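In: sequence isn't available, so here's the structure alone:
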């Protein structure tokens, strides 16, 4: 075999080896990528309902009347359902008067309220002062099942001696929001 | 003849070495996990948090690499939920624990240099904002990290 032939064979073998190595090398020489997932689970939304109005019934001029939160018939009541065991903030928009005929107003003062995970004011709950500030409360139940909360309101109306006769009403709004805890 | 063969063999090895030196790799290490969310309660996961998303980049030491993220604007579950990223949502560290983390904005492709150890850990956080009436259920999105030589 001539010297030139040997040289050519060596070069050919080298080229083949280079091609083999290049073919086996990972292709991500200049660029590589990977993905991850972002995951989240949104839990059951809160449901809030005013289930019983705060009812004072007949009120006489000059005679204050109080409905306590323990009054099973006349106390105001809200019910809340949501993610079991979750903490929520509750706050209120409380009127200072009830509105009556011909622009008449009847002063109302808010008394002690009560929240309970059971639909009862007998035991197991906590008294609190309703206000526009947040009160942190925990729903009953155990996740992932739904849980409940019941809020009972009482108040006192104070009609004057010359209070105009007629029906008086106003609205109490309770706002409930998850705290994330 | 032998010197010629030796030269040819060295040429082959040199070519392989150049290919190897250019190579780097990205792998997923962990998903970005927000866990349980309540409607109307935003949640932010920081890169330093244990449930941040994580990648590992390996390659030749001291090599500069450019990180380009393809970031989602929503997570999906039949309906959508906004997800966002900010100036401190990204971080990188030489340690898988994230010690001495350097922060970056994943919305702006950063260029980092692979350390002597040849591996760098990328951490990604974000913020989700469920609406007040956000439908309950599992939500997902995908975050793509593309790494290239700058």
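Out: Looks like it arrived, so ask away. Quick caveat: nothing in here was measured; it's all calculated off a predicted structure.

In: CA atoms for contacts and neighbours, from now on please.
Out: Will do.

In: parallel or antiparallel, which strands does the longest strand seen in chain A pair with?
Out: Using DSSP state E to define each element, chain A has its longest strand at strand A:31-42. As defined by DSSP bridges, the strand partners of strand A:31-42 come to strand B:32-37 (parallel), strand B:137-148 (antiparallel).

In: what sits against the residue nearest to residue B:104 when sequence neighbours are not counted?
Out: Nearest residue to residue B:104 in three dimensions, chain neighbours excluded: residue B:90, at 4.9 Å (CA to CA, 6 or more residues apart in numbering or on different chains). Shown in contact with residue B:90 (CA atoms under 8 Å, 6 or more residues apart in numbering or on different chains): B:47, B:103-106, B:122-125.

In: dihedrals phi and psi, residue B:90?
Out: Phi and psi for residue B:90, reported as degrees, to the nearest 10, are phi -110, psi 150.

In: ditto for residue A:103
Out: Torsion angles, degrees, to the nearest 10, at residue A:103: phi 80, psi 10.

In: neighbours around it, how many?
Out: Residue A:103: 7 surrounding residues under other CA atoms under 10 Å in any protein chain shown.

In: the one 3 residues further on too?
Out: For residue A:106, the neighbour count with other CA under 10 Å is 18.

In: state the distance from it to chain B.
Out: Counting by CA to the nearest CA, to the nearest Å, the gap from residue A:106 to chain B is 35 Å.

In: is that residue in a bridge, and if so with what?
Out: Applying DSSP bridges, one finds that residue A:106 bridges with residue A:98.

In: verify the contact between it and residue A:100 for me.
Out: Yes. With contact defined as CA atoms under 8 Å, residue A:106 reaches residue A:100; the gap is 7.2 Å.

In: show me where pLDDT drops low in chain A?
Out: Within chain A, the stretches with pLDDT under 70 are A:1-29.

In: the same query, at a cut-off of 80, please.
Out: A:1-30, A:143-144 (pLDDT under 80).

In: what are the buried residues along the one helix or strand residue B:54 maps to?
Out: Assigned by DSSP states H and E, residue B:54 belongs to strand B:53-58. Neighbour-count burial for strand B:53-58 flags B:53-58 (criterion: 16 or more other CA atoms under 10 Å in any protein chain shown).

In: does it come close to chain A?
Out: Yes. Judged by CA under 8 Å from any CA of the partner chain, strand B:53-58 and chain A are in contact via B:53-55.

In: where do the strands sit along chain A?
Out: A:31-42, A:47-52, A:65-67, A:76-83, A:87-93, A:97-99, A:105-110, A:113-116, A:126-128, A:135-138, A:146-153, A:155-157, A:173-178.

In: would you point out the most distant pair within the contacts of residue B:90?
Out: Taking CA to CA, the two most distant members of the contacts of residue B:90 are B:105 and B:122; they sit 11.9 Å apart.

In: tell me which of those two has more neighbours.
Out: Neighbour count, other CA under 10 Å: between residue B:105 and residue B:122, residue B:122 has more, with 28 against 16.

In: show me the shaky parts of chain B.
Out: B:1-23.

In: so where do the helices sit in it?
Out: Assigned helices in chain B, in chain order: B:2-22 (criterion: DSSP state H).

In: picking up where we left off before, shared neighbours of residue A:106 and residue A:100, anything?
Out: Common contacts of residue A:106 and residue A:100 (CA under 8 Å, 6+ apart): residue A:168.

In: which of the strands of chain A sits closest to residue B:28?
Out: strand A:31-42 (6.1 Å).

In: pull out the buried positions in the closest one.
Out: A:31-42.

In: measure stretch A:41-48 end to end?
Out: Stretch A:41-48 has an end-to-end distance of 22 Å (CA to CA, to the nearest Å).

In: now the residue nearest to residue A:181 when sequence neighbours are not counted: how far from residue A:174?
Out: Of all residues not flanking residue A:181 in the chain, residue A:87 sits nearest, at 5.5 Å (CA to CA, 6+ apart). Distance of residue A:87 to residue A:174, computed by CA to CA: 16 Å.
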